[in-house]
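Engineer: Just to be clear, the model below is a prediction. Sequence and coordinates:
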Amino acid sequence: MNSYNFCRGSILTLTGNAEAEIREALLTIRQKAEFNHYKVLSAFREREINDYHFQESTGYGYGDTGRDLLDQLYADIFGAEAGLVRPQIVSGTHAISLCFYGVLRPGDEVLFATGQPYDTLRQVLGTGCKGDGSLEDWGIASRIVPLDREGKPDHEAVVEQIKPNTRMIAIQRSRGYSLRPSLSIQEIEQLVRAVKQVNPELICFVDNCYGEFVEDREPTQVGADLAAGSLIKNPGGGIAPGGGYIVGKSHLIQAIANRLTAPGLGTELGWSPAGKRLYFQGLFLAPLVVAEALQGAVLAAKIMSDLGFSVSPYWNEERTDIIQAIIFGSPERLVAFCRGLQKGSPVDSYITPMASPMPGYEDQVIMAGGTFIQGSSIELSADGPLREPYVAYLQGGLAYPYVKAGLLTALEYMAQEGLITV
């Protein structure tokens with residue numbers, strides 16, 4: 001039965017051949033998802049979660065046991081001492097910034113061990129503009145250690161760059177808008193170990209965005225002191241309507257909670273006017289949803305490489321985050337791919353994405369994402385800056401068949417525009 005009558009036969013043949021070849025890779029992903037899902041299920045059972053914990057809270061949110069248990073669940077699942085999970089954390093960048101501002105003090109330094117951070121973080125670090133509230137404005141220094149020739153952290157260079165006032169080592173797990181490979185948990189573990197040998201008191205922070213539940217361990221299980229991310233990415237399971245999380249050492253989480261609220265208030269306050277069911281349910285489903293997205297990314301890598309495009313990672317490479325980079329080499333192909341993917345979306349399928357300026361980014365960015373939750377990266381989306389080599393960063397997908405349908409729609413659109421030959 002052909003469900004894809006909108007698509008030419010040559011594209012369907014290409015896709016069928018690709019699916020036959022990637023079968024074993026998809027099985028490996030599903031097996032890892034089973035492990036992670038049982039880890040999450042076990043945590044829910046041990047904490048005796050019940051429907052009372054899903055209830056709303058108002059005002060200050062005093063005595064919100066559901067909120068406190070959600071914090072504990074994240075800590076349990078991520079192998080950390082404590083957690084902070086709040087709808088009031090508005091984005092991944094906000095969660096990361098809280099870790100900086102909550103822990104660092106004037107005169108301290110944060111050393112980025114994985115090269116240039118996300119575009120959106122550069123304004124947080126400081127752009128020389130007085131009064132903008134950046135780390136620089138607060139007298140907190142930041143330095144960046146370049147990656148080695150293979151795009152990996154240069155352990156020797158990182159160790160050499162540690163100064164007496166260096167208090168935090170920042171590690172970005174995912175690639176961001178770059179073509180360097182994302183970091184595996186093993187690589188994070190090795191980097192943390194190298195840093196701690198120099199100074200055990202250094203705080204190792206991991207930007208965990210796009211990496212949750214991709215492997216069978218998390219950064220805080222291999223020595224990282226803090227990790228943070230967004231709930232409209234992996235751990236929200238495509239259900240959490242917003243928010244962010246931070247996990248790590250108890251005293252650090254308390255300091256960060258004081259920054260989010262106020263000293264003396266910390267983790268004790270925080271209302272949930274819409275209840276917490278979606279946060280619990282999203283976390284429960286997250287390993288399964290991440291597996292669907294990963295399987296879709298493998299299919300995309302195989303199809304696009306068969307069409308002659310460079311991809312990263314390759315379909316048969318070990319994956320450490322959900323992002324699939326596709327190098328189009330021209331703005332026309334990048335834009336067409338995003339527009340085609342938008343046409344295959346369940347929401348806003350009639351909208352034509354246009355490249356435009358985005359807050360926190362230096363270049364115009366084109367974004368495709370007909371998502372139920374605005375800006376969700378665990379639902380199927382693609383985006384990229386309009387700069388050479390014109391890369392689309394594909395991520396997410398609540399279900400493998402949806403990713404497949406979205407890819408077919410994008411390819412058919414590109415073929416109609418004369419930008420690919422199939």
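Structural biologist: Received it, and whenever you're ready, just let me know what you need. Predicted model only: the values in this text are computed from it and were never measured.

Engineer: drop to CA atoms for contacts and neighbour counts, all remaining ones
Structural biologist: Noted.

Engineer: quick one: Ala224 from Ala405, how far?
Structural biologist: Distance, Ala224 to Ala405, using C-alpha to C-alpha, to the nearest Å: 38 Å.

Engineer: quick one: which of the two has more around it?
Structural biologist: Using other C-alpha atoms under 10 Å as the criterion, Ala224 and Ala405 rank with Ala224 on top: 26 against 18.

Engineer: Can you check the pLDDT for that one?
Structural biologist: Confidence at Ala224, expressed as pLDDT, is 99.

Engineer: SS state for the residue nearest to it when sequence neighbours are not counted?
Structural biologist: Closest residue to Ala224 apart from its sequence neighbours, by C-alpha to C-alpha, 6 or more residues apart in numbering: Cys204 at 5.2 Å. Secondary structure, DSSP: H, G, I helix; E, B strand; the rest coil: Cys204 is strand.

Engineer: ok, now Ala382?
Structural biologist: Under three-state DSSP, Ala382 falls in the strand class.

Engineer: what about it, neighbour count?
Structural biologist: By other C-alpha under 10 Å, 26 other residues sit near Ala382.

Engineer: hang on, isn't it packed against Cys338?
Structural biologist: Yes: Ala382 is within contact range of Cys338, at 6.2 Å (criterion: C-alpha atoms under 8 Å).

Engineer: what do those two both touch?
Structural biologist: Common neighbours of Ala382 and Cys338, using C-alpha atoms under 8 Å, 6 or more residues apart in numbering, are Met367, Ala368, Ala392.

Engineer: pLDDT at the second one, what is it?
Structural biologist: The pLDDT attached to Ala368 in the predicted structure is 95.

Engineer: Can you select the buried ones among the shared contacts of Ala382 and Cys338 for me in ChimeraX?
Structural biologist: Remark: buried members of the shared contacts of Ala382 and Cys338, expressed as a ChimeraX selection using 16 or more other C-alpha atoms under 10 Å:
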select :367,368,392
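
Engineer: Out of the shared contacts of Ala382 and Cys338, which sit inside strands?
Structural biologist: Mapping the shared contacts of Ala382 and Cys338 onto strands (DSSP state E) picks out Met367, Ala368, Ala392.

Engineer: what's the closest of those to Pro346?
Structural biologist: Distance to Pro346, by C-alpha to C-alpha, is smallest for Ala368 among these, at 12.0 Å.

Engineer: What residues are bridge-paired with that closest one?
Structural biologist: Ala382 (DSSP bridges).

Engineer: give me every residue that touches it.
Structural biologist: The neighbourhood of Ala368, defined by C-alpha under 8 Å, 6+ apart, consists of Cys338, Arg339, Leu341, Gln342, Pro353, Ser381, Ala382, Asp383.

Engineer: Return the distance of it relative to Arg387.
Structural biologist: From Ala368 across to Arg387, the span is 17 Å (C-alpha to C-alpha).

Engineer: go on, Gly264?
Structural biologist: Counting by C-alpha to C-alpha, the gap from Gly264 to Arg387 is 46 Å.

Engineer: Who has more neighbours out of those two?
Structural biologist: Shown here are Gly264 and Arg387; by other C-alpha under 10 Å, Arg387 has more neighbours (14 against 10).

Engineer: Which parts of stretch 333-347 count as buried, going by neighbours?
Structural biologist: Residues 333-345 are the ones in stretch 333-347 that count as buried (16+ other C-alpha under 10 Å).

Engineer: Restricting the selection to alpha carbons, write that stretch to CSV.
Structural biologist: Output of stretch 333-347 as CSV, limited to C-alpha atoms (Å, rounded to 0.1, in the frame of the first residue of the first chain):
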residue,chain,number,x,y,z
ARG,A,333,19.0,24.1,-1.9
LEU,A,334,19.0,25.0,1.8
VAL,A,335,15.9,27.2,1.5
ALA,A,336,14.1,24.7,-0.8
PHE,A,337,14.7,21.8,1.6
CYS,A,338,13.4,23.8,4.6
ARG,A,339,10.3,24.9,2.6
GLY,A,340,9.6,21.4,1.4
LEU,A,341,9.9,20.0,5.0
GLN,A,342,7.5,22.7,6.1
LYS,A,343,4.9,21.5,3.5
GLY,A,344,5.0,18.1,5.1
SER,A,345,4.3,19.4,8.6
PRO,A,346,1.0,18.8,10.5
VAL,A,347,0.9,22.5,11.7
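
Engineer: Specify the residue ranges that define each domain of this protein.
Structural biologist: The record's domain parsing of the chain by automatic domain parsing lists 9-37+287-416, 53-283.

Engineer: Endpoints of the first one, how far apart?
Structural biologist: In this case it means domain 9-37+287-416. End residues of domain 9-37+287-416 are separated by 13 Å (C-alpha to C-alpha).

Engineer: before we move on, back to that, using JSON lines, please lay out the shared contacts of Ala382 and Cys338 together with distance to Thr13.
Structural biologist: Formatted as JSON lines, the shared contacts of Ala382 and Cys338 follow (distance: C-alpha to C-alpha, whole Å):
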{"residue": "Met367", "distance to Thr13": "28"}
{"residue": "Ala368", "distance to Thr13": "26"}
{"residue": "Ala392", "distance to Thr13": "24"}
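
Engineer: which one among the shared contacts of Ala382 and Cys338 gets closest to Gln31?
Structural biologist: Of the shared contacts of Ala382 and Cys338, the one sitting nearest to Gln31 (C-alpha to C-alpha) turns out to be Ala392, at 28.2 Å.

Engineer: any idea how far Val311 is from the closest one?
Structural biologist: Relative to Val311, Ala392 is positioned 10 Å away (C-alpha to C-alpha).

Engineer: any common contacting residues for those two?
Structural biologist: Joint contacts of Ala392 and Val311 (C-alpha under 8 Å, 6+ apart) are Ala325, Ile326, Ile327.

Engineer: Using ChimeraX, define a selection of the buried residues within the residues you listed.
Structural biologist: Applying 16+ other C-alpha under 10 Å to the shared contacts of Ala392 and Val311 leaves a buried subset, and the ChimeraX line that selects it is:
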select :325,326,327
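
Engineer: In strands only, show me the shared contacts of Ala392 and Val311.
Structural biologist: Counting by DSSP E, the shared contacts of Ala392 and Val311 contribute Ala325, Ile326, Ile327 to strands.

Engineer: Closest to Gly115 out of these?
Structural biologist: Nearest to Gly115 among those, with distances taken as C-alpha to C-alpha, is Ala325, at 18.1 Å.

Engineer: Name all residues that make contact with the closest one.
Structural biologist: By C-alpha under 8 Å, 6+ apart, the contact list for Ala325 reads Leu179, Val311, Ser312, Pro313, Val391, Ala392, Tyr393, Leu394.
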